[in-house]
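Visitor: prediction below, plus the sequence it came from.
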Amino acid sequence: MKKLFLALILTFSISFVKADEGMWLPNLLSQLNGKDMQAKGLRISPEDIYSINQTSLKDAIVLFGRGCTGEIVSAQGLVLTNHHCGMGEIQKHSSLEKNYLENGFWAMSREEELPNPDLTCTMLVSMSDVTAQVLSGVTNEMTEAQRSKKIEENIKQIVAKATENTHYTAAVRLLFNGNQYMLYVNEVFKDIRLVGAPPSNIGKFGGDTDNWMWPRHTGDFALFRIYVGKDGKPAEYSKDNIPYTPRKHIPISLKGIEEDDFTFVFGYPGTTQQFLTSFAVDLIQNQTNPIAIDLRTKRLDIIKRYMQQDELTRIQYAAKAANISNGWKKWIGENRGLKRLKTIEKKQELEADFLKWIAQDKARQQYSEILPAFENLYKQIAYVSREVSYFNEAFNAAEAVRFAWRFDGLIDKAKAKDKTLFANLKEQIKNIEAFFKDYNINLDKEIFIETMQYYLANTEHSKLPNEIVALLKKHKNDVRKVANAIYNNSIFLQKEKLLAIMQKENFSDIEKLKNDILFQWISPVYDNFINTTQKQMTALNTQISQLNRLWTKALMEMQTDKKFYPDANLTLRVTYGNVKGYEPVDAVKYRHYTTIDGIIEKGNTGIYDYVVADKLKSLYESKDYGRYAMKNGEMPVAFVATNHTTGGNSGSPVLNADGHLIGINFDRVWEGTMSDIHYDPAQCRNISVDIRYILFIVDKFAGAKYLVDEMTIIE
């Protein structure tokens with residue numbers, strides 16, 4: 001089966017795909033993309049990018065945390081990633097006295113580098129096709145449950161064998177909706193320290209105003225360092241650990257970029273959905289996205305108002321607001337793009353062609369029920385999906401709600417007199433301290449009122465739990481009165497009382513938390529969601545996944561003129577294209593790069609997101625750009641290219657034809673955010689901060705030239 005599937009992919013490689021679309025498996029570059037990449041300008045070999053026999057670029061790429069990419073840029077384990085990827089860590093180290101978010105942070109010695117508990121960097125050791133092993137013993141006669149059980153058993157054995165007598169971890173990930181399986185063996189580093197980060201008015205310049213937009217002038221980068229034990233292997237944090245000596249670090253080019261230059265991005269893209277049917281796109285575009293957009297608009301309006309009024313709140317909610325806003329603005333752009341490209345209509349045309357293709361050969365009748373089954377399932381899942389959206393974006397929006405539910409497991413253990421409860425209390429106390437450190441109760445109360453009113457207005461009251469109906473009736477069906485009662489009386493919102501209960505380590509006191517007014521409000525809704533809505537969603541998605549596997553297989557058989565790539569799933573991929581501007585609307589053309597001039601121009605508008613640091617103004621006025629300026633004397637900031645990227649690619653290295661670092665990917669243009677579903681070569685662009693601007697900030701602005709000296713610089 002492995003040979004047959006690879007042969008199928010290689011057959012598709014002869015045909016054509018839209019320019020620059022695709023997120024390609026690095027271990028298959030030689031067979032699939034090597035010649036195309038070199039024809040477009042690549043000067044190194046596919047083996048230089050990914051190799052299991054020699055050092056290659058893959059040995060300098062890491063999954064940063066749980067959803068970003070980083071690259072090693074020095075022989076001392078120095079890692080570059082995005083400011084927004086490290087923002088949570090920067091925020092945790094920040095306070096009114098040491099506001100690293102606002103003022104930046106620069107360690108001027110190894111001793112000053114800050115540890116980050118729970119932050120990891122994961123490096124791929126090897127990847128291999130294990131489709132045959134995973135599907136060993138799987139037959140067509142099996143039910144889906146039997147099939148899944150057998151696959152799980154096989155995967156467990158594969159992972160155990162791959163990690164036996166090593167310090168590595170491993171995972172098997174499905175590709176092409178379950179038609180292929182890949183084994184990924186990884187090395188996980190656990191001691192990651194913050195080295196440097198620019199102030200937010202550089203690292204987050206433009207804020208929400210510019211998020212997903214072009215032209216962009218954001219210095220979205222941060223520096224971390226990987227530490228290991230004295231044996232050179234990953235280890236938990238210890239002051240005795242030493243900087244990691246990598247097998248490979250990426251050289252940095254100061255030669256700059258020109259329009260049409262070849263580039264490629266090497267990183268961990270999160271999710272794409274190229275195989276969706278018209279029914280699925282309709283659900284996203286016309287139902288779930290609008291609900292999420294509306295509710296996040298309400299939340300952001302409240303948060304931004306509070307952040308503008310108070311500096312402490314601005315520190316507490318900077319990362320939270322960014323996380324909420326990121327999806328909100330992306331979905332707005334995605335919907336616009338899907339409508340502009342008429343994606344639903346084009347999917348329907350593909351489906352009509354599919355039916356004609358089936359009719360041409362009796363052997364294809366095995367696929368005849370796919371589309372009717374999809375239509376039926378999406379009719380069923382539409383209602384459930386809306387319920388999930390209302391729960392996630394409305395009922396679950398207030399921090400108090402999510403915080404109180406964390407105690408559900410503790411309350412159950414207290415009721416059962418489970419002594420293991422006390423082993424977790426220290427961690428719970430730590431979580432309580434962390435929650436209140438970054439919490440504004442008045443802000444959260446407003447969000448509770450706004451979103452809970454929306455939730456109740458869009459939920460059939462006959463389906464509300466009796467406990468909620470009773471509480472509403474008690475407060476005359478007035479959500480504001482419910483909020484007053486909860487936020488004035490709940491122990492979950494009184495730090496000292498809650499800590500005292502945890503510190504007493506008494507079963508009875510912890511069990512009594514179930515009677516708290518906030519817990520009484522949320523518990524029946526959570527229970528109903530978990531036991532009813534979530535189960536319905538899981539059951540329907542299981543059926544849809546089964547259909548997707550067959551649908552993908554059929555499409556790959558039908559579209560012999562198309563080159564397929566597996567959807568992104570947070571595994572290492574290569575995407576490539578060219579530096580290129582674009583035309584967002586009629587009569588408007590964007591060039592491919594921005595300069596520091598644009599920062600100063602925006603800074604003169606008086607908009608909060610465009611505050612310019614005084615020192616940056618001074619460097620601009622004196623034109624003190626050092627060796628980082630362009631040949632014409634301009635100081636570059638960012639550039640766009642046609643590389644196909646998505647979430648997870650944040651922090652990914654953008655490399656030139658020689659495999660040298662020229663920038664760090666940090667965003668996509670708003671007009672192209674539908675690229676997870678429908679790639680448009682005319683308007684899909686990835687946005688990267690120019691490496692010359694990064695080095696300029698590190699050297700000239702921060703005065704941390706010693707970090708630049710660590711790197712291998714190509715003039």
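Guide: Great, that's in hand.

Visitor: specify the beta-bridge partners of residue 639.
Guide: Beta-bridge partners for residue 639, by DSSP bridges, are residue 593, residue 688.

Visitor: can you count the residues close to it?
Guide: The local packing of residue 639 (other C-beta atoms under 10 Å) involves 29 other residues. To be clear about C-beta, it is placed using only N, CA and C from the backbone, and glycine gets the same treatment.

Visitor: hmm, residue 257 and it touching each other?
Guide: Yes - here residue 639 reaches residue 257: they are 5.8 Å apart, a contact under C-beta atoms under 8 Å.

Visitor: overlap in contacts of the two?
Guide: Shared contacts of residue 639 and residue 257 (C-beta atoms under 8 Å, 6 or more residues apart in numbering): 579, 592-593, 663, 690.

Visitor: what comes up buried for the longest helix along the chain?
Guide: Scanning the chain for the longest helix, with DSSP state H as the assignment, gives helix 311-340. Of all the residues in helix 311-340, those buried under the rule 16 or more other C-beta atoms under 10 Å are 313-322, 324-335, 337-338.

Visitor: do stretch 708-715 as well
Guide: Result for stretch 708-715 [16+ other C-beta under 10 Å]: buried residues 708, 710-711, 713.

Visitor: same check, this time on stretch 380-387
Guide: 381-382, 384-387.

Visitor: kindly report the same for stretch 350-357.
Guide: For stretch 350-357, the buried set under the neighbour-count rule, 16+ other C-beta under 10 Å, comprises 351, 354, 357.

Visitor: got the contact list for the last one?
Guide: So that's residue 357. Residues counted as contacts of residue 357 (C-beta under 8 Å, 6+ apart) are 364, 558.

Visitor: so it belongs to a helix, correct?
Guide: Yes - assessed by DSSP: H, G, I helix; E, B strand; the rest coil, residue 357 belongs to a helix.

Visitor: ok, now how distant is it from residue 559?
Guide: Applying C-beta to C-beta, to the nearest Å, the value for residue 357 to residue 559 is 9 Å.

Visitor: likewise residue 308?
Guide: 51 Å.

Visitor: just to revisit the earlier point, export the buried residues of stretch 380-387 to CSV and tack on pLDDT and secondary structure?
Guide: Rendered in CSV, the data for the buried residues of stretch 380-387 read as follows (pLDDT from 0 to 100; DSSP: H, G, I helix; E, B strand; the rest coil):
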residue, pLDDT, secondary structure
381, 97, helix
382, 96, helix
384, 96, helix
385, 97, helix
386, 96, helix
387, 96, helix
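
Visitor: tell me the one of these nearest residue 606?
Guide: Set against residue 606, the nearest of these by C-beta to C-beta is residue 386 (41.0 Å).

Visitor: can you pull the contacts of that closest one?
Guide: Here residue 386 is in contact with 287-288, 291, 458 (C-beta under 8 Å, 6+ apart).

Visitor: quick one: which of those residues is nearest residue 272?
Guide: Closest to residue 272, out of all of the contacts of residue 386 and judged by C-beta to C-beta, is residue 288, at 17.1 Å.

Visitor: now do that closest one, the pLDDT please.
Guide: Here, the pLDDT recorded for residue 288 equals 97.

Visitor: cool, and residue 31?
Guide: The per-residue pLDDT of residue 31 was computed as 87.

Visitor: also residue 604?
Guide: Listed pLDDT for residue 604 reads 89.

Visitor: do the one 5 residues further on as well
Guide: Reported pLDDT at residue 609 in the predicted model: 89.

Visitor: measure it to residue 103 for me?
Guide: 17 Å.

Visitor: what helix or strand does residue 183 sit in?
Guide: Assigning secondary structure by DSSP states H and E places residue 183 in strand 180-189.

Visitor: okay, the residue lying closest to residue 221 once chain neighbours are set aside and residue 300: tell me how far apart.
Guide: Leaving aside its sequence neighbours, residue 221 sits nearest to residue 694 (C-beta to C-beta, 6 or more residues apart in numbering; 5.0 Å). Using C-beta to C-beta, residue 694 is found at 29 Å from residue 300.

Visitor: what about the two, which has more around it?
Guide: A direct count of neighbours by other C-beta under 10 Å for residue 694 and residue 300 places residue 694 higher, at 25 against 18.

Visitor: buried sites along the helix or strand containing the more buried one?
Guide: Using DSSP H and E, residue 694 sits within helix 691-696. With burial defined by 16+ other C-beta under 10 Å, the residues of helix 691-696 counted as buried are 691-696.

Visitor: residue 308 and residue 559: which is more packed in?
Guide: residue 559 (16 against 10).

Visitor: check the more buried one and give its pLDDT.
Guide: You'll see residue 559 listed with a pLDDT of 93.

Visitor: can you tell me how far it sits from residue 275?
Guide: For residue 559 relative to residue 275 (C-beta to C-beta), the value is 11 Å.

Visitor: ok, now residue 342?
Guide: Residue 342 is 18 Å from residue 275, by C-beta to C-beta.

Visitor: same check, this time on residue 533
Guide: From residue 533 to residue 275 the distance is 26 Å (C-beta to C-beta).

Visitor: now residue 656
Guide: The separation that residue 656 has from residue 275, given C-beta to C-beta, amounts to 32 Å.

Visitor: higher neighbour count, the two?
Guide: residue 656 (23 against 18).
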